[in-house]
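> from the sequence below, what's the structure:
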Amino acid sequence: MMEYLFWTLVLAVTWCYAGYPLYIMALARFWPRPIRPAAATFSPTVTVIVAIRNERDVLPRRLTNLLAQEYPADRLDVIVVCNGSVDGSETIASEIARTEPRVRVFTSPAELGKSGAINLASTHTAADVIVFADARQTFAPDTVARLVAPFSDPDVGVVSGRNEIRRTDLASVQGVGMYWSLETKLRYAEGRSGSVPGATGAIYAVRRSLFQEMPPNLILDDVYVPMRVAMRGNRVVMDPRALSFDVPARDQKAEYARKRRTMVGNIQLLRILPELLSPAHNPLFMRFVSHKILRLLTPFCFVALLFLSALLPGWTYQTFFAVELGLYLLGFLGLWVNFAVLSVPAAFVLMHGAIFAAVWHWNDDAARVWAQPTLSRAIPPAPPAF
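Prediction:
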């Protein structure tokens, strides 16, 4: 029985990190689902919604960046919705709005969280497409145009872009960046072969007619919105050429907090939308379970594998125990000393620790979790010319 359990867990982990990505990439390569190309005259009206909390330092440049997008100015506007800001962000946004008619500013009650702020902003636009953006990042000049183009295909309901994070010298954060690079390739393959079970929160767009109001204090709007759209039969795709530029977490604590918040959000999402676990209601059931749910479970699988391999006789299990224990030891060492060669095991331990903490604090107050973790407050570098 212990051997059976051991190899079942090995299969689960292998499917999550190797089997499923290879399967999806094969689908994207040999059986792609192309998107109908946009006509040259396709330029739907667009509203960019920026939900903020205490972003006064980066907000002016961010609005300048959005208003300078290479998209017809008469078909693009921006809504800034302030949620619990106490640093003067609302005043700065209002001053910009007085001189820029394409910017509107609203205030949402702090207790409703980011999702409540987005809900409020969505009632103040009749645009064909809503683009969601955060204050910290910077869009490439053609990002909005690239996000909008796939909507020429009536089957497409959500389009995600790619968030490119500047390199860092901190080993554990660099390891997470490598993980994110692989994650981006997987999401692109999912979109090419059908749909992605989620989007990148800092850069995604939804067809306005398909947007549904979210529960207050929802953490992961970038999973809830795409999955609700997918459950209505529309596609969720990704264009990696739609770029957003970001700064890395300034230290391991900030990266850990960011990952923990995401994992708490995944658990919250299952409580709010249990239909996600029903093949009858979720057309992306296999992708959602393989991509999202197994990611939550694999740290527990690894711990179980460590104990099982320690108890089972034979050189195969002893070797597995030694390798996994070594991986954990190298990971903890990588969190303690900043060696680039330890970036992958350090990221492995950091992300698994965030998942364990998320399960332990699964019922955290989402209104408190919505606050951004401490990141480098440096403004992202200006995007390169394309």
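> before we move on, what SS does the nearest residue to residue 213 once chain neighbours are set aside have?
Distances taken as Cβ to Cβ, 6 or more residues apart in numbering place residue 119 nearest to residue 213, at 5.0 Å, with adjacent residues excluded. The C-beta positions use only the backbone N, C-alpha and C, and glycine is treated the same way. Under the three-state scheme (DSSP: H, G, I helix; E, B strand; the rest coil), residue 119 adopts helix.
> change the start of the numbering to 315 and stick with it
Got it, first residue is 315 now, which makes that one residue 433.
> burial measure for residue 433, as a count.
By the measure other Cβ atoms under 10 Å, the count of residues near residue 433 is 22.
> I'd assumed residue 531 was in contact with it.
No: contact criterion Cβ atoms under 8 Å: residue 433 and residue 531 do not qualify, at 11.1 Å.
> who touches both of the two?
residue 426 (Cβ atoms under 8 Å, 6 or more residues apart in numbering).
> and the residue nearest to residue 527, what does it touch?
426, 527, 528, 530.
> please pick the buried ones from these.
Listed as buried from those are 426, 528, 530; burial here means 16 or more other Cβ atoms under 10 Å.
> now these in JSON lines, with pLDDT?
As requested, the buried ones among the contacts of residue 433 are arranged in JSON lines below (pLDDT from 0 to 100):
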{"residue": "426", "pLDDT": "92"}
{"residue": "528", "pLDDT": "96"}
{"residue": "530", "pLDDT": "92"}
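> shaky segments in the stretch 565-700 of the chain?
By pLDDT under 70, the weakly predicted segments of the stretch 565-700 of the chain are 565-566, 568-570, 675-700.
> coming back round to it: and the residue nearest to residue 527, how far from residue 656?
Distance of residue 433 to residue 656, given as Cβ to Cβ, to the nearest Å: 43 Å.
> partner strands of the lengthiest strand in the chain, with direction?
Identified as the longest strand of the chain according to DSSP state E is strand 549-560. The pairing partners recorded for strand 549-560 under DSSP bridges are strand 452-453 (antiparallel), strand 470-479 (parallel).
> what's the following helix or strand after it?
helix 566-586 (DSSP states H and E).
> who does residue 559 bridge with?
Legend: beta-bridge partners of residue 559 under DSSP bridges are residue 452, residue 478.
> and it, how many residues sit next to it?
Residues contacting residue 559 under the criterion other Cβ under 10 Å number 24.
> could you do residue 435 as well?
Residue 435: 23 surrounding residues under other Cβ under 10 Å.
> quick one, helices of the stretch 565-700 of the chain?
566-586, 599-602, 608-625, 629-650, 657-674, 680-683 (DSSP state H, counting those that start in this stretch).
> TSV for the ones you listed, including distance to residue 393?
Converted to TSV, the helices of the stretch 565-700 of the chain look like this (distance: least, Cβ to Cβ, whole Å):
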stretch	distance to residue 393
helix 566-586	23
helix 599-602	30
helix 608-625	33
helix 629-650	40
helix 657-674	31
helix 680-683	21
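> and those: which comes nearest residue 547?
Proximity to residue 547 (Cβ to Cβ) singles out helix 599-602 among the helices of the stretch 565-700 of the chain, at 14.0 Å.
> where does the stretch 415-564 of the chain dip in pLDDT?
Ranges of the stretch 415-564 of the chain meeting pLDDT under 70: 481-491, 562-564.
> sweet, I'm off.
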